[in-house]
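Student: My questions are about this predicted structure, shown below with the sequence.
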Amino acid sequence: MTRTVEPCPVEAAIQIVGGKWKLLVLRSLLLNGPQRYNELLATVTPISQKELTRNLRELTRAGLLAHDSGASRIARYQLTKLGEGLMPTFKTLLTWGKQLLVLK
């Protein structure tokens with residue numbers, strides 16, 4: 001008999017936001033609102049241009065970010081509703097991170 005394995009939601013989430021830079025890009029957008037590419041490059045240090053571009057594309061493909069060039073022709077990246085749904089997770093990480101800093 002073959003058993004069907006249900007997909008793990010935690011694994012799916014880690015596949016989307018995992019990696020060295022994605023959470024830092026998302027954090028910057030959560031804290032600072034929509035930003036242009038160069039603004040993100042300055043706030044997510046020391047990420048390279050190549051890494052930022054790759055991460056922005058992956059997060060956009062995953063539906064967490066959107067970009068709009070509008071009338072200015074300069075793309076501004078912003079969180080989608082799905083991306084904004086990470087706010088409670090970041091608040092939990094903030095609390096947990098504070099505990100880690102106290103232990104050091």
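Tutor: Yes, it's here.
Student: By neighbour count, which bits of stretch 15-22 are buried? Give me those.
Tutor: 17, 21-22 (16 or more other Cβ atoms under 10 Å). C-beta: built from backbone N, CA, C; applies to glycine.
Student: Find me the pLDDT at Gly18, would you?
Tutor: Here the pLDDT value assigned to Gly18 is 93.
Student: Quick check: it vs Leu41, distance?
Tutor: Gly18 is 21 Å from Leu41, where distance means Cβ to Cβ, to the nearest Å.
Student: before we move on, what about Pro34?
Tutor: From Pro34 to Leu41 the distance is 15 Å (Cβ to Cβ).
Student: And Ser69, by the same measure?
Tutor: Ser69 is 17 Å from Leu41, by Cβ to Cβ.
Student: out of the two, which sits in the more crowded spot?
Tutor: The residue with more neighbours, out of Ser69 and Leu41, is Leu41; 17 against 10, by other Cβ atoms under 10 Å.
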